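Colleague: Fold the following and give me the result.
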Amino acid sequence: MSAAILFELQAVDLHLGAVHALKACDLRIQSGERVALVGSNGGGKSSLLRCLHGLIEPSRGRVLRASVPQAMVFQRPWMLRASALSNVALGLWLRGMAWGQARLRAREALERVGLGELAERSGLALSGGQQQRLALARAWALQAQVLLLDEPTASLDPAGKREVEQLMGEFAAGGMTLIFATHNLGQVKRLADRVLYVEQGRLLDDAPTDRFFDPQRPGPAAAFLRGDLM
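Modeller: Residues are numbered from 1 along each chain as shown. A predicted model of the protein is given here:
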């Protein structure tokens, strides 16, 4: 049985003020995929993620989204001036869960990401890696089927990167669809089964990970991997 289509972009253009952030993008993403977005800074990766998640709508074209729970984790997650536990529980409460039940689910989520002992510590007092794991706990608590991540390990030390990558891999192994933007090509090889190369607002390449990194493969991806600028 073929996997369900979660996202479909049809000739999507996106203008952010004077910036033409996405240009004629066509794309399909199916459930269970682990998709990495690569490209230079300002190339359109973050804009594409935000379009997929529905934070911004295209200026032209269509974005079709399946009705499944999804969550997005940013490079610097937003934290409430509250405990780690409350940072997770509030999202559940806002979705209609009773506060007592939300706290129980939040505690379970913190245990899942290795933050159980820090449940009562302020989210603002956590390290960068811990805050990213807290953001992942929010997604897990909401039972997200799709997780979009924008440079989730860019500002973390090696230990923090390893912890976040491990959780991403575990979530994917459990059936969650991953779509993440990163400059870390080692991370792409470790976590992705498909790579999208986005540059100057255009989707220039779309290939399985092993093909994308094939040194004999011609095309724009090869130039990107050599470090050549467009």
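
Colleague: Please report how far the residue nearest to the spatial centre of the chain lies from Leu37.
Modeller: Nearest to the geometric centre of the chain sits Leu149, at 1.8 Å (CA atoms, centre = their mean). Distance of Leu149 to Leu37, computed by CB to CB, to the nearest Å: 10 Å. Placement of C-beta: from N, CA and C, glycine included.

Colleague: Next, show the common contact partners of the two.
Modeller: Shared contacts of Leu149 and Leu37, defined by CB atoms under 8 Å, 6 or more residues apart in numbering, comprise Ile179, Phe180, Ala181.

Colleague: Nearest to Gly123 among those residues?
Modeller: Nearest to Gly123 among the shared contacts of Leu149 and Leu37, counting by CB to CB, is Phe180 at 22.0 Å.

Colleague: Now name the helix or strand holding the closest residue to the closest one other than its chain neighbours.
Modeller: Distance criterion CB to CB, 6 or more residues apart in numbering; nearest residue to Phe180, sequence neighbours excluded, is Leu149 at 4.0 Å. Secondary structure from DSSP states H and E places Leu149 in strand 146-150.

Colleague: Show me what that strand is packed against.
Modeller: Using 3 or more CB pairs under 8 Å, 6 or more residues apart in numbering; DSSP states H and E, the elements in contact with strand 146-150 are helix 45-53, strand 70-73, helix 158-173, strand 177-181.

Colleague: where does the protein dip in pLDDT?
Modeller: Scanning the chain for pLDDT under 70 picks out 1-2, 229-230.

Colleague: Apply 90 and report the result again.
Modeller: Along the chain, segments meeting pLDDT under 90 span 1-3, 75-78, 155, 215-230.

Colleague: residue ranges for the helices of it, please.
Modeller: All helices of the chain, identified by DSSP state H, fall at 45-53, 84-94, 99-112, 128-141, 158-173, 185-191, 209-212, 220-226.

Colleague: What is the distance between the shortest one and the centre of its chain?
Modeller: This means helix 209-212. 20 Å (CA atoms, centre = their mean, to the nearest Å).

Colleague: ok, now the third one?
Modeller: Offset of helix 99-112 from its chain centre (CA atoms, centre = their mean): 23 Å.

Colleague: Report the buried residues of it.
Modeller: Ala102, Arg103, Arg105, Ala106, Arg107, Ala109, Leu110, Arg112 (16 or more other CB atoms under 10 Å).

Colleague: hmm, who's touching it?
Modeller: By CB under 8 Å, 6+ apart, helix 99-112 touches 84-86, 88-90, 92-93, 97, 116, 118-119, 134, 137-138, 140-141.

Colleague: Touching stretch 61-76 from outside, list them.
Modeller: 4-13, 24-25, 31, 49, 51-55, 57, 128, 131-132, 135-136, 138-139, 142-152, 154-155.

Colleague: Can I get the helices of the chain in TSV including distance to Pro69?
Modeller: Putting these into TSV (distance: least, CB to CB, whole Å) gives the following:
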stretch	distance to Pro69
helix 45-53	12
helix 84-94	11
helix 99-112	14
helix 128-141	9
helix 158-173	13
helix 185-191	21
helix 209-212	26
helix 220-226	32
